[in-house]
Each structure stands twice: as structure tokens, then as C-alpha cells.
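Student: Need a 3D model of the sequence below.
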Amino acid sequence: MHAIQRMLEEARACEQAAREAAKAERRATDAERRAKEAALQDKESALAEVARLKALLQQQQKDG
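Tutor: Take a look at the predicted model:
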């Protein structure tokens, strides 16, 4: 009887560990997604700044 009880407790512990691992995986996936979104935003900002500077340079060359 004690062996069965111990096996049930171990099974519950394994289930809990699996749930915790799934939560950790979701958090990691969410963090990765946020990092990719931030990198994309940085890239878009940099491209917008390059376009602004190119337009400014072209205007100065045209005026100058």
C-alpha cells in the first residue's frame, strides 16, 4: 500500500513539474516574441531616420 501511495505522490509531482515546465516555456516564448518585436521596432526607427537624413541631404544639395 505504501508503495502505491508513493507512486501516486511521485506521479503528482511529475504532473506538477510538467505544468511548471509548460508555464516556463510559454514565458520564454512570450519573451522571445517581445524581443523580436522590439528589434523590428528598432529597425523600423533606424530606417525612418535614414530616410529622413537622405531627404535632408538631397534638399541641401538641391539648395546648395
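Student: how near is Asp30 to Gln41?
Tutor: Computed as CB to CB, to the nearest Å, the Asp30 to Gln41 distance reads 16 Å. Bear in mind the C-beta positions are built from the backbone N, C-alpha and C, glycine included.
Student: no wait, Glu9
Tutor: Note on Glu9: its distance to Gln41, by CB to CB, is 48 Å.
Student: do the same with Gln59
Tutor: Gln59 is 27 Å from Gln41, by CB to CB.
Student: center of the protein, which residue is that?
Tutor: Glu32 (1.9 Å; CA atoms, centre = their mean).
Student: Does that residue fall in a helix, a strand, or a coil region?
Tutor: Assigned with DSSP: H, G, I helix; E, B strand; the rest coil, Glu32 falls in the helix class.
Student: Quick check: pLDDT value at Met1.
Tutor: On pLDDT, Met1 comes in at 76.
Student: Around it, count how many other residues there are.
Tutor: Residues near Met1, counting by other CB atoms under 10 Å, number 5.
Student: any idea how far it lies from Met7?
Tutor: 11 Å.
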